[in-house]
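Colleague: can you look at this prediction? I've put the sequence above it.
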Amino acid sequence: MMLTSVEPDTITFSTTISACDRRGEWEVALQLFSTMVHVKVAPNAFTFSAVISSCEKRGEWHKALHLLVLMAQSKLELDTMTFCAAISACVKGSKRQSAWQCFNLMAQSKVESNTITFDIVISACREEGKWEQALHLFNVMVRNEVDSNSIIFDAAIGACEKAGEWEKVSQLFNAMTWTAPRLISELRPARANNT
């Protein structure tokens, strides 16, 4: 049997890029994506997600955001996992402001946030010591009925602990153990001046 030359298509490029992503070969994934565009093979949503995910693993935030913009310009449907990868790339690259912008764009694009999204952004709040923002995001998560997990609680508790907000730490711990929605309203940051 003789093999004939076959031109790669969207599926073969996407599959290969995804394999590179799984192996941590982000530079090869980007090169394949570049080649794909150069030979005028149209990337699909799966292709973009795989290459953005590859950038995320290395904290290549600027490349991840550039690809997210290209994806939007290509009129492809942006999805939760693609946004999560872009947000995470920004956080890993210490570009938290870009992560917040991406998170807001996700909401504006009417793409649902999930547990992973909130894990990423609330953990970023903990790192920055933004306990009020962590609690706000926690409340958004609860209001949107997104499942929580111990990582999210740990991040929110850590943000409050870092700020010395011991009452909020206790309330979060109680909410975690009871998962009582009525406690969530008590977690709102207190106003310095209530007058």
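Modeller: The structure has been received and is ready for your questions.
Colleague: so which residue is smack in the middle of this protein?
Modeller: The centroid of the chain falls nearest to residue 84 when counting by C-alpha atoms, centre = their mean (2.2 Å).
Colleague: please identify the helix or strand for it.
Modeller: In this assignment (DSSP states H and E), residue 84 forms part of helix 80-92.
Colleague: can you pull the buried residues of whichever helix or strand comes after that helix?
Modeller: Later in the chain than helix 80-92, the nearest helix or strand by DSSP H and E is helix 96-108. Judged by neighbour count using 16 or more other C-beta atoms under 10 Å, the buried positions of helix 96-108 are 96, 98-100, 102-103, 105-106. C-beta here means a position set from N, CA and C on the backbone, and glycine is covered the same way.
Colleague: quick one: which of those residues is nearest residue 13?
Modeller: residue 102 (25.1 Å; C-beta to C-beta).
Colleague: give the contact list for the closest one.
Modeller: By C-beta atoms under 8 Å, 6 or more residues apart in numbering, residue 102 lies in contact with 65, 68, 83, 86-87, 90.
Colleague: same thing but at 10 Å, please
Modeller: The contact partners of residue 102, taken as C-beta atoms under 10 Å, 6 or more residues apart in numbering, are 61, 64-65, 68, 83-91, 95, 120-121.
Colleague: correct me, but residue 22 touches residue 28?
Modeller: No: with contact defined as C-beta atoms under 10 Å, residue 22 does not count as touching residue 28 (11.6 Å).
Colleague: need the overlap of contacts for the two.
Modeller: Shared contacts of residue 22 and residue 28 (C-beta under 10 Å, 6+ apart): residue 54.
Colleague: so these two - more neighbours on which side?
Modeller: Between residue 22 and residue 28, counted using other C-beta atoms under 10 Å, the more crowded position is residue 28 (16 against 13).
Colleague: give me the element that one is part of.
Modeller: Assigned by DSSP H and E, residue 28 falls within helix 26-38.
Colleague: which elements pack onto that helix?
Modeller: Using 3 or more C-beta pairs under 10 Å, 6 or more residues apart in numbering; DSSP states H and E as the contact test, the elements touching helix 26-38 are helix 10-23, helix 45-57, helix 61-73.
Colleague: what's the most buried one of the ones you listed?
Modeller: Highest mean neighbour count among these (mean count of other C-beta atoms under 10 Å): helix 45-57, with a mean of 25.
Colleague: which elements pack onto that helix?
Modeller: helix 10-23, helix 26-38, helix 61-73, helix 80-92.
Colleague: and the helix holding residue 84, C-alpha only, in CSV?
Modeller: Taking Å, rounded to 0.1, in the frame of the first residue of the first chain, the C-alpha atoms of helix 80-92 are listed here in CSV:
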residue,chain,number,x,y,z
THR,A,80,-16.5,29.0,29.6
MET,A,81,-13.4,26.9,29.3
THR,A,82,-11.8,29.2,26.8
PHE,A,83,-12.4,32.2,29.1
CYS,A,84,-11.2,30.2,32.1
ALA,A,85,-7.9,29.5,30.3
ALA,A,86,-7.4,33.1,29.4
ILE,A,87,-8.2,34.4,32.9
SER,A,88,-5.9,31.8,34.4
ALA,A,89,-3.1,32.8,32.0
CYS,A,90,-3.5,36.4,33.2
VAL,A,91,-3.4,35.4,36.8
LYS,A,92,-0.3,33.2,36.3
